[in-house]
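>>> Model the following, please.
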Amino acid sequence: MAYVLGFFVADGTVTINKRGSHYFVFQISDKKLLSKIRKSMGSDHKISKRVHKKDLSIFYRLQIGSKEMCEDLMELGVYERKTNRLVLPNTPSKYFPHFLRGYFDGDGNVWTGLIHKDRKKQTLSIHTAFTSCSKPFLFSLHNRLREYQLKGGSLYCKNNAFCLKYSVKDSLLLYKLMYQFIDNGLFLSRKRKVFDSFLKYNTRS
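Here you go, the predicted structure:
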């Protein structure tokens, strides 16, 4: 459930309608992952298919009504319109890697590519980033990751949001931290494959 919380913090919403009904909602483009999330929650709620009006892209929606679970989320700092006031939930160390992987799959990014292209010998590099509209959230995340020997990381504003970015050494530590225990299969394959391809290249080099 720590993964689900991390993913929800990144990509989920809590909604309370005019009648006082409480809902929490996931809306993502990866139906396979959303099905795994639903299964891990023991839910049989319907996953509906939607189409964005602007670009006609397809996404999938899972909505669950539960006042108790919504109140639990709010106690953890996840509110309605949470975008700018999000805080880092106090996650026990045992579960933090799963929470981090969930947040990364929702609001993280990993990039790998060649640098020093003007030199004879080019270098393959990798960078990892977490984004949020809440600077305090990323500031707390930055401090929490120091407990796991991540000594770098730069926090800056970009396109009206904030970004916490790590270079090669810390990215490899993040890989080890996030994917050390994934027996439940809860992760986005396309993001992990970027790490795997970088490691495979460096093993051959």
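
>>> Show me where the protein has its strands.
Listed in chain order, the strands of the chain (DSSP state E) span 12-16, 22-28, 47-51, 58-65, 108-115, 123-132, 154-158, 161-166.

>>> Quick check: which helices or strands does the second one pack against?
Using 3 or more C-beta pairs under 8 Å, 6 or more residues apart in numbering; DSSP states H and E as the contact test, the elements touching strand 22-28 are helix 2-11, strand 12-16, helix 31-40, strand 58-65, helix 67-75. (C-beta placed from N, C-alpha, C; glycine too.)

>>> and what of the last one?
Contact partners of strand 161-166 among helices and strands, from 3+ C-beta pairs under 8 Å, 6+ apart: strand 123-132, helix 135-146, strand 154-158.

>>> Turn the ones you listed into CSV, including mean neighbour count.
Converted to CSV, those look like this (neighbours: other C-beta atoms under 10 Å):
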stretch, mean neighbour count
strand 123-132, 19
helix 135-146, 17
strand 154-158, 11
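
>>> Nearest to residue 30, out of those?
strand 123-132 (17.8 Å; C-beta to C-beta).

>>> now that closest one against strand 154-158, angle please.
Angle, strand 123-132 to strand 154-158, by axes from the mean of the first three to the mean of the last three C-alpha atoms, to 10 degrees: 70 degrees.

>>> ok so, going back, dump the strands of the chain into CSV; add distance to residue 182 and mean pLDDT as well.
What follows is these, written out as CSV (distance: least, C-beta to C-beta, whole Å; pLDDT from 0 to 100):
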stretch, distance to residue 182, mean pLDDT
strand 12-16, 20, 83
strand 22-28, 18, 87
strand 47-51, 22, 92
strand 58-65, 21, 90
strand 108-115, 15, 90
strand 123-132, 17, 93
strand 154-158, 27, 93
strand 161-166, 20, 96
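
>>> Which of these sits closest to residue 193?
strand 108-115 (9.5 Å).

>>> tell me the angle the closest one makes with strand 123-132.
Using the same axes, to 10 degrees: strand 108-115 against strand 123-132 is 160 degrees.

>>> so what does strand 108-115 touch, helix or strand wise?
For strand 108-115, the packing partners by 3+ C-beta pairs under 8 Å, 6+ apart come out as strand 123-132, helix 189-204.

>>> If anything else comes up later, I'll come back, but that's it for now.
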